[in-house]
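Student: The sequence isn't on hand, but the structure is:
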DNA sequence: TCTGTTACTGCATGGTGATTCAGTAAAGTC
DNA sequence: GACTTTACTGAATCACCATGCAGTAACAGA
């Protein structure tokens, strides 16, 4: 990361605080995802938005606060998308398949590096641990709801929806580690297949029916 | 972490380089485990051994190098222990059970925080990624060997030992995240049970027979 | 158009902590 | 016991950034 000196623009731009805050949070998460928390400097965030470092501090009192809010923001974003996605599909099978297609580490969700960073940081920072726990909980609740729903309609067979959701979550986390950290040993297709296999077992359906739906 | 000034001792101690290096690596991994890579300062390592910060740099040219070697050392250590443990048990079932008892995140292995830190760091540092990959590989190979062994003796039923080892590894990683980062939602017993359940399914045995053997 | 508020900037400062270096002491060699 | 090698130290140095501050420009309301 080259550190160019801050270059002022002729005319200052000025934005509504909430817009600016969101911009900054988006930039921050992007940088953490690319370079890691270690390497995150306030001046990098500022530079990527063409503003002064002092502005970042103006909106977020400290760097720590910035990081905490960035994770909170990213979590909210992912969860909202999950809920939108699962709301869309007509059947429980479709909902589960769509969720998997997005959130399996082989899927479109780009956020896994961010979460791996987050895990490590949460080991130390109570604030981040709190955020992590809430996200994790909401995620599992959404998943539990989908499973119970499927059990209700007869699509799934599962004695313990909550436990199943928990186990599925754990498996996805573990797959993320394999996919992103030890990447390269297994093909994406095989990993996908295994994820569906484990999930299929949990809810008592053929893994094939969980293949990514056309519309997702 | 209080930062006391370095206090020289009356008489200098002087050790063989390889001993000193190992001491330093042990101290480094302990500190990373307790406080995280972020917080690791060379002077902390030095202080915990009652030596000068300069000595640490004398043995390891830079902080980065120190960290990389610390992970390598810790990995080696864990793998050696795994191999010793699995060599001891008489049956494949016993070996697998023992390995699980140690390396499930609910077990005696204290290193999981270190590895979570390592995953995040490996996302950026190629050296660490390399180390991680090798450990992961050796771990899976040991596991594969145990499984194949069990298949040979008729203790296990498993069409794809390598795949099973991979999946078991992924599940353990995921459990580690749940246990250490989102800790507290599930009891240790239930997590253990689920781990054995998943492993049991993979190798075709009743989870109960994988319960921690008496001697482990 | 004046006035106040809010978003924003440039610059300075201060703490931190890795790395350097010039030297010192223990151990080994002959 | 002189001489070399190796482990080790204390005291700088040096770069780096987060944060503080004193002011400036945009905008809103009257």
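Tutor: Right, received. Where do you want to start? Keep in mind that what you see is a predicted model, and the values were worked out from it rather than measured. Numbering: from 1, shown residues only, chains lettered A, B, ... in the order given.

Student: Which residue, neighbours along the chain excluded, lies closest to the residue in chain A positioned nearest to chain B?
Tutor: As assessed by C-beta to the nearest C-beta, chain B sits closest to residue A:174 within chain A, at 2.9 Å. Bear in mind the C-beta positions are built from the backbone N, C-alpha and C, glycine included. Among residues not flanking residue A:174 along the chain, residue B:174 sits closest, at 2.9 Å (C-beta to C-beta, 6 or more residues apart in numbering or on different chains).

Student: what's the answer for residue A:209, then?
Tutor: residue A:93 (5.6 Å).

Student: Could I get the pLDDT score of that neighbour?
Tutor: Here, the pLDDT recorded for residue A:93 equals 95.

Student: Can you tell me which residues in chain A are near chain B?
Tutor: For chain A, the residues in contact with chain B (C-beta under 8 Å from any C-beta of the partner chain) are A:35-39, A:113, A:116-117, A:119-124, A:129, A:132-133, A:136-137, A:163, A:166-167, A:169-175, A:177-178, A:180-182, A:184-186, A:194, A:198, A:201.

Student: Out of these, which sit inside strands?
Tutor: Among the residues of chain A next to chain B, no member is found in strands (DSSP state E).

Student: what are the phi and psi angles of residue A:62?
Tutor: Main-chain torsions, residue A:62, degrees, to the nearest 10: phi -130, psi 170.

Student: Domain-wise, how is chain A divided?
Tutor: Following the assignment in automatic domain parsing, chain A carries domains at A:17-61, A:64-210.

Student: By mean pLDDT, show me the worst of the ones you listed.
Tutor: For the domains of chain A, mean pLDDT drops lowest on domain A:64-210, to a mean of 92.

Student: got a list of what the residue nearest to residue A:174 touches?
Tutor: Shown in contact with residue B:174 (C-beta atoms under 8 Å, 6 or more residues apart in numbering or on different chains): A:169, A:170, A:171, A:172, A:173, A:174, A:175, A:177.

Student: Pull the contacting residues for the first one.
Tutor: The contact partners of residue A:169, by C-beta under 8 Å, 6+ apart, come to A:136, A:139, A:140, A:143, B:174, B:178.

Student: What distance do you get for residue A:52 to residue A:58?
Tutor: Residue A:52 sits 9 Å away from residue A:58, going by C-beta to C-beta, to the nearest Å.

Student: coming back round to it: nearest to DNA strand D, out of the contacts of residue A:169: which one, please.
Tutor: residue A:136 (27.4 Å; C-beta to the nearest atom of the strand).

Student: which residue packs closest to the closest one, ignoring adjacent ones?
Tutor: Nearest one to residue A:136, counting by C-beta to C-beta, 6+ apart, is residue B:182 at 4.6 Å.

Student: just residue A:170 next, same as before
Tutor: residue B:174 (3.7 Å).

Student: And for residue A:150?
Tutor: residue A:92 is the one closest to residue A:150 (C-beta to C-beta, 6+ apart), at 3.1 Å.

Student: Tell me how many other residues crowd the one you found.
Tutor: Residue A:92 is flanked by 23 other residues according to other C-beta atoms under 10 Å in any protein chain shown.

Student: check contacts around it.
Tutor: Counting by C-beta under 8 Å, 6+ apart, residue A:92 touches A:146, A:147, A:149, A:150, A:153, A:155, A:156.

Student: do that again at 7 Å, thanks
Tutor: By C-beta atoms under 7 Å, 6 or more residues apart in numbering or on different chains, the contact set of residue A:92 is A:146, A:149, A:150, A:153, A:155, A:156.

Student: Same question for residue A:162.
Tutor: By C-beta under 7 Å, 6+ apart, the contact set of residue A:162 is residue A:144.

Student: and if you look at residue A:27?
Tutor: A:45, A:48, A:49.
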